[in-house]
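[1] coordinates only, no sequence provided:
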């Protein structure tokens, strides 16, 4: 399933004179926040083996991103185990390499969609199940799903593992202005302006998908919310999303501080 990355010999190396400052408090905060997301995603069963990946641009940089190393389950990750890579596949900080599909998807997403300061990719079960069905994945029948009303896109062109830049470019093109990209027969990609909002969307997307799957399992017709009402509810939710997301991630970190404090090491 997962593949090691073999960086291109043509990838330009980072010279000693241009080494970035990766020891600032802001960079460590981003590492710890991302590590917290990995740990809580594992607790909620949102990951699949060692195949899924989260990334975030390094604060202050548009060409460096933090990502999980190949070979680790989410529950094993800590802030110091995360890698910092450039967009050419060079590891600038950390031990190991990113998983191949992680690099080819996330590097291209961050390069082509500057607003995506964070990009979370999972095969979380309920959202992935909806990517396998006929028609658009979300029906927008439940309140939680309305958080994503008008914010989703669908990459319908699954053609195997993302083992070259073309796959990342295709996903980036499919995303357009959307924050959520359902990947046909594959999983989901969540794009956010920061780690907190990407985490918040990932969590609630799976909850919305779970509710829809359960509703469909009754065999009864699932009725979407009236579009006018859905639009109003969407605006209401989005007005408070940045602060709600910040508080959501803070609550995750408090929980982990009490129960798994090594995540921040």
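    Structure received. Keep in mind it's a predicted model, so treat the numbers as computed, not measured. Numbers count the residues shown, from 1 in each chain.

[2] got any ranges where the stretch 1-150 of the chain has weak pLDDT?
    1-18 (pLDDT under 70).

[3] can you map out the strands along it?
    For the stretch 1-150 of the chain, the strands defined by DSSP state E, counting those that start in this stretch cover 53-57, 64-67, 83-86, 91-93, 118-122.

[4] deepest-packed of these, please.
    Mean neighbour count (mean count of other Cβ atoms under 10 Å) peaks for strand 118-122 among those, with a mean of 27. Quick note: C-beta positions are derived from backbone N, CA and C, even for glycine.

[5] what comes into contact with that one?
    37, 41, 46-48, 52-57, 102, 105-106, 109-110, 128, 187-195, 197-199, 202 (Cβ atoms under 8 Å, 6 or more residues apart in numbering).

[6] just the ones in helices from these, please.
    Among the contacts of strand 118-122, the ones falling in helices (DSSP state H) are 37, 41, 102, 105-106, 109-110, 128, 195, 197-199, 202.

[7] show me which residues of the helix ranked longest in the chain are buried.
    In the chain, assigned by DSSP H, the helix with the most residues is helix 227-259. Applying a neighbour-count criterion of 16 or more other Cβ atoms under 10 Å, the buried positions in helix 227-259 are 230, 233, 234, 237, 241, 244, 245, 248, 249, 252, 253, 256.

[8] report the buried members of the contacts of strand 118-122.
    37, 41, 46-48, 52-57, 102, 105-106, 109-110, 128, 187-192, 194-195, 197-199, 202.

[9] quick one: the closest residue to residue 234 other than its chain neighbours from residue 45, how far?
    Excluding the flanking residues, the one nearest residue 234 by Cβ to Cβ, 6 or more residues apart in numbering is residue 149, at 4.0 Å. Going from residue 149 to residue 45 by Cβ to Cβ, to the nearest Å gives 26 Å.

[10] do residue 57 as well
    27 Å.

[11] same thing with residue 110?
    27 Å.

[12] now stretch 41-48, how far from the centre of its chain.
    Mean C-alpha position of stretch 41-48 versus that of the full chain (Cα atoms, centre = their mean, to the nearest Å) differs by 12 Å.

[13] going forward, count from 203.
    Happy to do that; since the first residue is 203 now, the last one works out to stretch 243-250.

[14] endpoint to endpoint, that stretch covers what distance?
    10 Å (Cα to Cα, to the nearest Å).

[15] just stretch 336-351 next, same as before
    19 Å.

[16] buried sites along that stretch?
    Buried residues in stretch 336-351 (16+ other Cβ under 10 Å): 339, 340, 341, 342, 343, 344, 346, 347, 348, 349, 350, 351.

[17] do stretch 260-274 as well
    Neighbour-count burial for stretch 260-274, with 16+ other Cβ under 10 Å as criterion, is recorded at 260, 261, 266, 267, 268, 269, 270, 271, 272, 274.

[18] how long is that stretch from one end to the other?
    21 Å.

[19] just stretch 411-430 next, same as before
    21 Å.

[20] from the buried residues of stretch 336-351, pick the one nearest residue 227.
    residue 349 (31.3 Å; Cβ to Cβ).

[21] got a list of what that closest one touches?
    Residues near residue 349 by Cβ under 8 Å, 6+ apart: 403, 406, 410, 436, 439, 440, 443.

[22] now the residues you listed as a markdown table including distance to residue 370 and pLDDT?
    As requested, the contacts of residue 349 are exported to a markdown table (distance: Cβ to Cβ, whole Å; pLDDT from 0 to 100):
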| residue | distance to residue 370 | pLDDT |
| --- | --- | --- |
| 403 | 20 | 98 |
| 406 | 25 | 98 |
| 410 | 26 | 98 |
| 436 | 28 | 98 |
| 439 | 29 | 96 |
| 440 | 27 | 96 |
| 443 | 26 | 97 |
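
[23] adding distance to residue 282, write these out as JSON lines.
    Shown next, in JSON lines, are the contacts of residue 349 (distance: Cβ to Cβ, whole Å):
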{"residue": "403", "distance to residue 282": "26"}
{"residue": "406", "distance to residue 282": "29"}
{"residue": "410", "distance to residue 282": "34"}
{"residue": "436", "distance to residue 282": "39"}
{"residue": "439", "distance to residue 282": "35"}
{"residue": "440", "distance to residue 282": "35"}
{"residue": "443", "distance to residue 282": "30"}
